[in-house]
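Trainee: fold the following and give me the result.
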Amino acid sequence: MPRKESVNIIIAENSPVLAAGFSLCLRRLPGLNVNIMEVKTLENLRDCVRSAKPDILLVNPSFGGLFNPKEWREENNGENVSIVAIELGKLNRSTVSLFDDTISVIDDLDTISAKISRLSTSSPFSEEKETLSLREKEIISLVVRGMTNQEIADKLFLSIHTVITHRRNIARKLEIHSATGLTIYAIVNKIVDIADIKV
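Mentor: Have a look, this model is predicted:
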């Protein structure tokens, strides 16, 4: 698989252990070329955003007191930055709603990879999710629910050849070639609910 474009990520976290841990995990994500900068103060964050033009800001909600993404975007011309909360414990709903997404300290690498891919502007996840047809999304939801090509064809009144063609197009557009990757994509992009997936 060809290497994807670089994703610029700033980690705004006061704890050196957490910042180093997230930095290490992000560098180990398969298929992603990440450039990571760690900052410890709001002033450093402002300077880093101006010079580095990040795609994603991974920030502790308590960074600099109480970090407010909306106010920060207005003050720092950060409209094009995806702002992701570092979740150390369960965040309340009102806090989560301020951010574009969350990454928890207990997330596995597949989950983190799916979120970073979806949020980064240079990723096929963010570019292609809009170009998926309604039929392709419907097929994704049936695939991750454990249905075979024949079962999908019968349910949607399609030929099996048409289902296979749709699946090839989905794999090409998303660059996802495993059931696990497709399942993560479907959950993250709210195509299916985790409760609907057969284990």
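Trainee: C-alpha from now on. contacts and neighbour counts both.
Mentor: Will do.
Trainee: give me the spatial nearest neighbour of the spatially most central residue of the chain, chain neighbours excluded.
Mentor: Nearest residue to the geometric centre of the chain (Cα atoms, centre = their mean): residue 115, 1.6 Å. Leaving aside its chain neighbours, residue 115 sits nearest to residue 188 (7.0 Å; criterion: Cα to Cα, 6 or more residues apart in numbering).
Trainee: what do you get for residue 30?
Mentor: residue 113 (7.5 Å).
Trainee: isn't the one you found right up against residue 27?
Mentor: No - using Cα atoms under 8 Å, residue 113 makes no contact with residue 27, being 10.3 Å away.
Trainee: more neighbours: these two, which one.
Mentor: More crowded of residue 113 and residue 27, by other Cα atoms under 10 Å: residue 113, with 22 against 13.
Trainee: helix, strand, or coil at the more buried one?
Mentor: Using DSSP: H, G, I helix; E, B strand; the rest coil, the structure places residue 113 in helix.
Trainee: that one: what's it in contact with?
Mentor: 26, 29-30 (Cα atoms under 8 Å, 6 or more residues apart in numbering).
Trainee: ok, now residue 105?
Mentor: Here residue 105 is in contact with 86-88 (Cα under 8 Å, 6+ apart).
Trainee: and this protein, what are its domains?
Mentor: Using automatic domain parsing, the domains assigned to the chain come out as 6-123, 129-196.
Trainee: as CSV, the ones you listed with mean pLDDT would be great.
Mentor: What follows is the domains of the chain, written out as CSV (pLDDT from 0 to 100):
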stretch, mean pLDDT
domain 6-123, 84
domain 129-196, 86
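Trainee: so which strand or helix has residue 21?
Mentor: Assigned by DSSP states H and E, residue 21 belongs to helix 16-27.
Trainee: check which helices and strands that helix sits against.
Mentor: strand 6-12, strand 33-39, helix 109-119 (3 or more Cα pairs under 8 Å, 6 or more residues apart in numbering; DSSP states H and E).
Trainee: how about residues contacting the first one?
Mentor: I take that to be strand 6-12. Residues outside strand 6-12 that contact it (Cα under 8 Å, 6+ apart): 19, 22-23, 32-41, 45, 48, 52-60, 63, 120-122.
Trainee: neighbouring strands - and their directions - for that strand?
Mentor: Note on strand 6-12: by DSSP bridges, its sheet partners are strand 33-39 (parallel), strand 56-59 (parallel).
Trainee: quick one, it and helix 16-27 angle?
Mentor: Computed by axes from the mean of the first three to the mean of the last three Cα atoms, to 10 degrees, the angle separating strand 6-12 from helix 16-27 equals 170 degrees.
Trainee: now do the longest one
Mentor: Counting by the same axes, to 10 degrees, helix 109-119 points 80 degrees away from the direction of helix 16-27.
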